[in-house]
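Peer 1: The sequence and its predicted three-dimensional model are supplied below.
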Amino acid sequence: MNKNIGFESLCAKEAKEIRTTKPHQLPIYAASTFQFDSIEESMAVFTGEKQGDIYSRFGNPTINAVADKIAKMEAHGADFEAFGFLLSSGMAAISTLLFSTLQPGDKVLTQGNLYGGTTDLLLKVLGPLQIETIITDLKNLDEVEGILQKEPAVKMIYFETPANPTLDCLPLREISAVAKRHNCITVADNTFCTPYLQQPMLHGVDFVLHSTTKYLNGHGNSVAGALVGREDHALKSKIFQNIKLIGTNCNSWDAWLINNGMKTLAIRLDKHTENATKLAQYLENHEQVIRVNYPGLASHPDYDLAKAQMRKSGGMLSFELKGGLEAGKKFMNSLQFCTLAPTLGDVDTLILHPASMSHINVDPEIRNKVGITDGLIRVSTGIERIEDIIADIEQAIG
Ligand SMILES: Cc1ncc(COP(=O)(O)O)c(C=O)c1O
């Protein structure tokens, strides 16, 4: 550059080329755009002839590195490669996939106990666009088969396993097989498990979604989502097109935070599982507790299924207190060590009373149908010393 440039130009231009060093940690690319050496290079990148970065709404080295890592985790040990995209939230991942795969007139088959935001997205946003949602018990495979035979417009089966709040599990392999017979796409929200505990694509599921806000990040300091599919899936380029056009991609800062969090994913989930198992066993023997929902307990209806398709049973559990709504509210107000908060998957223990928090505006009759009873408490078991968690829960039960 000319040494005699003006002061204003010196302020406005980048100081110097620093991309010759090799940082040990992933750098945050805080650049909205990327420059080209020539118009020929620009043409090659824009036409896809050459790989390269253009504009951060399309991705950038920080965002892409994290998306690729999640894709590799989901396909770890598989005989196929996966692609991954990192989105601005779990809901952005879900909505981008739905908008990329469904047309007016199509129908989605799903379960009643999905994350509430997803149910609302299906009913309140896709419904008015003539994309109808059918809710059924996805565990009942005969029922699923029957619906798919009767309703050729069903183009997608969308599910979560284990699902809130009863930690019910769905048979991934069997649902994928039924869907394939009817040319239906399968989508699993794997937020509760992460690929360390469960890899739905290894059981035949087409697309996997995450709210990375939860366990993948693990530290409660970023909101983002991920979308993973097989590298050779015909819809990959359409999904990428829609991320660019709807503008749902993640930013570098959140990607970087997820990257930090993921480095300890395996040891965190080992500890989450160890603590949740001890807590579930303690609660199962408590006289004020009617029922404990934890797939790692032999008493859970899906214990064998969970064992077959999950590496470990994870950190999420729920239990039902005797005394209903009042007992639930009293318990929540008595907590001193655990945190009363609606999210999950952080390193510290987070407790939710759905009837007075996340589901307070849902008709009790509808809540009860999916197992959200008045005395139900959901625990995202942290990695603290288990004795401290149990002592707080014990004193709060009273
Ligand atoms: C299972 C599940 N999926 C998706 C979401 C939505 O994720 P986000 O809040 O990152 O948009 C949530 C949020 O709680 C969730 O629990």
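Peer 2: Yes, it's here. Numbers count the residues shown, from 1 in each chain.

Peer 1: For this structure, just list every one of the strands.
Peer 2: Per DSSP state E, the chain carries strands over the ranges 82-87, 107-110, 132-135, 154-160, 185-189, 207-211, 225-230, 289-293, 316-321, 339-340, 350-352, 376-380.

Peer 1: okay, now the residue in the chain positioned nearest to the ligand: neighbour count?
Peer 2: Minimum separation of the chain from the ligand (Cβ to the nearest ligand atom) falls at residue 90, amounting to 2.3 Å. Where C-beta positions appear, they are placed from N, C-alpha and C, glycine not excepted. Neighbour count of residue 90, defined by other Cβ atoms under 10 Å: 24.

Peer 1: That one and residue 213, how far apart?
Peer 2: 6 Å (Cβ to Cβ, to the nearest Å).

Peer 1: Pull up the overlap in contacts between those two.
Peer 2: Overlap of the contact sets of residue 90 and residue 213 (by Cβ atoms under 8 Å, 6 or more residues apart in numbering) consists of 224, 225.

Peer 1: on that earlier part again, looking at the strands of the chain, which is nearest to residue 6?
Peer 2: strand 82-87 (40.0 Å; Cβ to Cβ).

Peer 1: and the top helix by length along the chain, what other elements does it pack with?
Peer 2: In the chain, taking DSSP state H as the definition, the longest helix is helix 265-284. Counting by 3 or more Cβ pairs under 8 Å, 6 or more residues apart in numbering; DSSP states H and E, the packing neighbours recorded for helix 265-284 are helix 194-197, strand 289-293, strand 316-321, helix 386-397.

Peer 1: Redo these as CSV? Include mean pLDDT, mean neighbour count and distance to the ligand.
Peer 2: Converted to CSV, the helices and strands packed on helix 265-284 look like this (pLDDT from 0 to 100; neighbours: other Cβ atoms under 10 Å; distance: least, Cβ to the nearest ligand atom, whole Å):
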stretch, mean pLDDT, mean neighbour count, distance to the ligand
helix 194-197, 98, 24, 11
strand 289-293, 97, 19, 16
strand 316-321, 97, 25, 10
helix 386-397, 98, 17, 21
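
Peer 1: OK, contacts around residue 176?
Peer 2: Counting by Cβ under 8 Å, 6+ apart, the residues that residue 176 touches are 186, 203, 204, 205, 206.

Peer 1: quick revisit: taking the strands of the chain together, which one is wrapped up most tightly?
Peer 2: strand 207-211 (a mean of 28; mean count of other Cβ atoms under 10 Å).

Peer 1: Endpoints of stretch 176-193, how far apart?
Peer 2: 18 Å (Cα to Cα, to the nearest Å).

Peer 1: beta partners of the residue nearest the centre of the chain?
Peer 2: Taking Cα atoms, centre = their mean, the centroid of the chain lies closest to residue 210, which sits 2.3 Å from it. Under the criterion DSSP bridges, residue 210 forms beta bridges with residue 226.

Peer 1: Give the full set of residues in contact with it.
Peer 2: 70, 90, 93, 189, 190, 191, 194, 216, 225, 226, 227, 228.
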